[in-house]
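# Sequence plus the predicted model coming up.
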Amino acid sequence: MYQYILFDLDGTLTDPREGITKSVQYALDKMGISEPDLSSLEHFIGPPLYDEFRRCYNMDDQQAKTAVAAYRERFGTVGWTENILFDGVPELLIALHDAGKKIAIASSKPTVFVRKILHMFEIEQYFDVVSGASLDGKIGTKAQVVQQALDAFRIAERNDAVLVGDRFHDVEGARACGLSCIGITLGFGGREELVSAGAAAVVDTLDELREILLG
């Protein structure tokens, strides 16, 4: 059974929809692009922002960096607070902690914001490692933040660890580091996306996840 549990944050433990989409909308407006429909921006939840700005709006390197900086203007002040903790998360973390599991966050969100969000929801004490992206962009992909967490734990045997996430990026990032990924459908990917990506298992509730992690 897994001894080390790595969690994605957005869409896995929290619903960041409002803060992320409004901050993306703000950034696009700064770039002269109007996107009035916030739901059309939900694909920004999960993957690195830089990659999404380039992929979806054909931005060059400098434009994408400018858009990310604009996003952080809003997200850094108000966006990170526009977040909802999924029901049952504290109870799950307490159960894992009490069972002696080592717990980490592996998020493509910058570490500084991850820590603020964990503190806001009063759950930071359950995490042994917080691995997020760096503000300078040197660490940002899912594989990089997963590897960063594994390095912090000094894990030699990959079968002892698993990543829990809601998007195909999580599955692919885990695979790149030699880990399995358990998909959860609370977030933005959905069962079909997670199965197609090759998730080891897909669950719909935190209770189902708890059974796997503590079974």
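Nice, thanks for sending it over.

# Specify the residue ranges that define each domain of the protein.
Following automatic domain parsing, one finds the domains of the chain at 4-15+83-214, 17-81.

# where's the residue lying closest to Asp10 once chain neighbours are set aside relative to Thr66, distance?
Leaving out its chain neighbours, the residue that sits closest to Asp10 by C-beta to C-beta, 6 or more residues apart in numbering is Pro16, at 4.6 Å. C-beta here means a position set from N, CA and C on the backbone, and glycine is covered the same way. Remark: distance between Pro16 and Thr66 (C-beta to C-beta, to the nearest Å) = 22 Å.

# These two - which one has more neighbours?
A count of neighbours by other C-beta atoms under 10 Å puts Pro16 above the other of Pro16 and Thr66, at 25 against 16.

# Out of the domains of the chain, which one sits most buried?
Neighbour counts (mean count of other C-beta atoms under 10 Å) averaged over each of the domains of the chain peak at domain 4-15+83-214, with a mean of 19.

# circling back: how about JSON lines for the domains of the chain, with mean pLDDT added?
Compiled in JSON lines, the domains of the chain are given as follows (pLDDT from 0 to 100):
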{"stretch": "domain 4-15+83-214", "mean pLDDT": "96"}
{"stretch": "domain 17-81", "mean pLDDT": "96"}
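
# So which residues of this protein form helices?
Ranges of helices within the chain are 17-30, 49-57, 61-75, 89-98, 111-120, 142-153, 168-176, 191-197, 206-214, based on DSSP state H.

# Of these, give the one that comes closest to Val129.
With C-beta to C-beta as the criterion, Val129 lies closest to helix 142-153 of the helices of the chain, at 4.5 Å.

# Pairing partners for the top strand by length along the chain, with directions?
Counting residues, the longest strand in the chain under DSSP state E turns out to be strand 102-110. Paired with strand 102-110 in the same sheet, following DSSP bridges, are strand 4-7 (parallel), strand 129-133 (parallel).

# which residues are contacting the shortest one?
By that I understand strand 4-7. The contact list for strand 4-7 (C-beta atoms under 8 Å, 6 or more residues apart in numbering) reads 13, 96, 101-106, 131, 146, 149-150, 153, 155, 160-165, 174, 179, 213.

# ok, 6 Å please
Contact with strand 4-7 is made by 13, 96, 101-106, 149, 153, 155, 160-161, 163-164, as judged by C-beta atoms under 6 Å, 6 or more residues apart in numbering.

# tell me which of those residues is nearest to Phe121?
Closest to Phe121 out of those is Leu13 (8.4 Å), distances taken as C-beta to C-beta.

# Tell me who's in contact with that closest one.
Counting by C-beta under 6 Å, 6+ apart, Leu13 touches 7, 89.

# Mind doing that once more with 10 Å?
7, 83, 85-86, 88-90, 92-93, 105, 107, 117-118, 121, 123, 164, 166, 184, 186-187, 206 (C-beta atoms under 10 Å, 6 or more residues apart in numbering).

# what's the answer for Tyr126, then?
Residues near Tyr126 by C-beta under 10 Å, 6+ apart: 89-90, 92-94, 96-98, 101, 103, 105, 118.

# any idea which of the residues you listed is the one closest to Gly137?
Nearest member of these to Gly137, counting by C-beta to C-beta, is Ile105, at 19.0 Å.

# which residues does the residue nearest to that closest one when sequence neighbours are not counted contact?
Nearest in space to Ile105, with sequence neighbours left out and distances taken as C-beta to C-beta, 6+ apart, is Val130 at 5.0 Å. Residues near Val130 by C-beta under 10 Å, 6+ apart: 9, 103-107, 111, 114-115, 118, 124, 145, 148-149, 152.
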